[in-house]
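1. Need a 3D model of the sequence below.
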Amino acid sequence: MDTVLVTVCAVEGSSMRNPGTIMGVAEDGSYAGSLSGGCIEAAVVAEAVDTLRSGEPRIVRFGAGSRYIDIKLPCGGGLDLHFQPLGASDLAERCLQSIADREPFSMALAQEGASHLSDWRAPSYDASAGEAVFGHWPEPLLAIVGHGAGVEALERMASTMGCISRVYTPDERVVDALRNGPTEVIGLERTSETGLLQSDPWTAFVFLFHDHDWEIDLMARAIELPHFYLGAMGGRKAHAVRSEALRARGISEEQLSAMKAPIGVFHSSRDPQTLALSTLAEIIRTYQDTDFGKALG
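-> Residues are numbered from 1 along each chain as shown. This next block holds a predicted model:
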C-alpha cells in the first residue's frame, strides 16, 4: 500500500508537537501518529492522499497563513508540513534500519524529495527554499537488572509507554513470566557474569535487587559502560554500604554521585507498580535533560 510520510517543518504559536514530528498516511486514509490534538488530522490525510495522486512532494501550510481558510488551529498558530510519497524509495527502509541499529540519523527534506542521512544533524528549516533537516536520536533502552515483581512491573510499564527493555535476572519466575513477550530476557546464574551486560549512550541501567550482594559486580561493570542513567533500588543506608563496596572496586566519587539512589521521582515506593511508575518517570526526565534529549525539543 502506498504511503506518505508527513513531517512538521515549523510551528508558529503553541503546538502539541515539535518540528521533526512525523505521521504516516496510507492511500486508504489510515494513518499512524498525530500532528495536533485532532484538529487538522483529517485535512492532513486528505492532503496526503492528494500527494499520492500527484506523486510529487510538497510543503503545505495549515492554520494561520494557510490557503485553507476553513482549517484553523484552536491556538491560532500555524504548521508547515512536508509531504513525502514513499513509493519505491528506500527512505523508510533506511530510517528503520538506523532505528533497529540504534544509530543516530537525520532526514533531509526538500521540495524535490526527502533523503536519509547517516548522522545526527541539528534541526533547521528554510521556508523560502522549502528545505529542512531533522536529526533523530535512538529511543531510551531500559536495561533492567534485578529480581522480583518490580522487574516485571517496570518492564510492562516501559512496554506500554513504547520503550525498549532488556532484562537481566537470576529470578527463574521472572524469566518464565517474560519469556514469550517482546523483551529480551537474559538469565543470570552468577554475580560475576558482567560480560552479559550491553549498552549504548542511550541506555538506562536500573538495578532492582533486594539482595544487594547480587549487584556490586554487575553495577561496577554497568558504571563503566555507556549510559545516560543508572539507578538502584534501596534506601540511604543500603546505598551507603553499596557505595563503600563500589569505592573498593575503584569507582570514583564522581561516578557514584551520578547514580540515582534511592531510585525514582518519589521515594519509599512500597509496591511494584508505584516503584515502576516512579522509576520510569525519572528515566524519561533524565533522558529529556541530556544534550540529545534537549535536541529533540
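
2. Give me the distance between the two termini of stretch 155-164.
-> 9 Å (C-alpha to C-alpha, to the nearest Å).

3. just stretch 242-253 next, same as before
-> End to end - C-alpha to C-alpha - stretch 242-253 spans 13 Å.

4. just how off-centre is the host helix or strand of Met107 within its chain?
-> According to DSSP states H and E, Met107 maps onto strand 105-110. Centre-to-centre, strand 105-110 and its host chain are 19 Å apart (C-alpha atoms, centre = their mean, to the nearest Å).

5. Show me which parts of that strand are buried, residue by residue.
-> Across strand 105-110, burial judged by 16 or more other C-beta atoms under 10 Å covers Phe105, Ser106, Met107, Leu109, Ala110. Every C-beta, even on glycine, is put in place using the N, C-alpha and C of the backbone.

6. Same question for stretch 194-202.
-> Neighbour count says stretch 194-202 has Thr194, Leu197, Ser199, Trp202 buried, by 16+ other C-beta under 10 Å.

7. which of those lies closest to Ala48?
-> Trp202 (30.7 Å; C-beta to C-beta).

8. so that closest one makes contact with Asp101?
-> No: proximity of Trp202 to Asp101 does not meet the contact threshold set by C-beta atoms under 8 Å, at 12.0 Å.

9. so what's the closest residue to Glu193 other than its chain neighbours up against?
-> In this structure, Glu193 finds its nearest non-sequential neighbour in Leu218, 7.8 Å apart by C-beta to C-beta, 6 or more residues apart in numbering. Residues counted as contacts of Leu218 (C-beta atoms under 8 Å, 6 or more residues apart in numbering) are Val145, Tyr168, Leu188, Thr191, Glu193, Thr194, Leu197, Phe207.

10. Quick one: mean pLDDT for the helix or strand containing Leu218?
-> Taking DSSP H and E as the criterion, Leu218 maps to helix 215-224. Helix 215-224 shows a mean pLDDT of 96 in the predicted model.

11. Give the buried residues for it.
-> Neighbour count says helix 215-224 has Glu215, Ile216, Asp217, Leu218, Met219, Ala220, Arg221, Ala222, Ile223 buried, by 16+ other C-beta under 10 Å.

12. Then stretch 226-241?
-> Quick answer for stretch 226-241 (16+ other C-beta under 10 Å): His227, Phe228, Tyr229, Leu230, Gly231, Ala232, Met233, Gly234, Ala238, His239.

13. Would you check that the first one makes contact with Val206?
-> No: under the criterion of C-beta under 8 Å, His227 is not in contact with Val206, lying 10.3 Å apart.

14. buried residues in stretch 117-133?
-> In stretch 117-133, counting by 16+ other C-beta under 10 Å, buried: Leu117, Trp120, Arg121, Pro123, Tyr125, Gly130, Glu131, Ala132, Val133.

15. Tell me which two of those sit farthest apart.
-> Among these, Trp120 and Gly130 lie farthest apart (C-beta to C-beta), at 22.2 Å.

16. follow-up on the earlier one: from the buried residues of helix 215-224, which is closest to Ala10?
-> Out of the buried residues of helix 215-224, the member with the shortest distance to Ala10 (by C-beta to C-beta) is Ala222, at 40.5 Å.

17. ok, the closest one touching Gly195?
-> No: using C-beta under 8 Å as the test, Ala222 is too far from Gly195 to be in contact (11.9 Å).

18. thinking again about what came up before, between His227 and Val206, which contacts overlap?
-> Ala143.

19. In CSV, list the C-alpha atoms belonging to the helix ranked longest in the chain.
-> Among the segments of the chain that qualify as a helix by DSSP state H, the longest is helix 272-289. What follows is helix 272-289, C-alpha atoms only, in CSV (Å, rounded to 0.1, in the frame of the first residue of the first chain):
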residue,chain,number,x,y,z
PRO,A,272,6.0,-2.8,42.4
GLN,A,273,3.6,-0.7,40.2
THR,A,274,4.4,2.6,42.1
LEU,A,275,8.1,1.8,42.0
ALA,A,276,7.9,1.2,38.3
LEU,A,277,6.0,4.5,37.7
SER,A,278,8.4,6.5,39.8
THR,A,279,11.5,4.9,38.2
LEU,A,280,10.2,5.3,34.6
ALA,A,281,9.3,8.9,35.2
GLU,A,282,12.8,9.6,36.5
ILE,A,283,14.4,7.9,33.5
ILE,A,284,12.3,9.8,31.0
ARG,A,285,13.0,13.1,32.8
THR,A,286,16.8,12.3,32.8
TYR,A,287,16.7,11.5,29.1
GLN,A,288,15.0,14.7,28.3
ASP,A,289,17.6,16.6,30.3
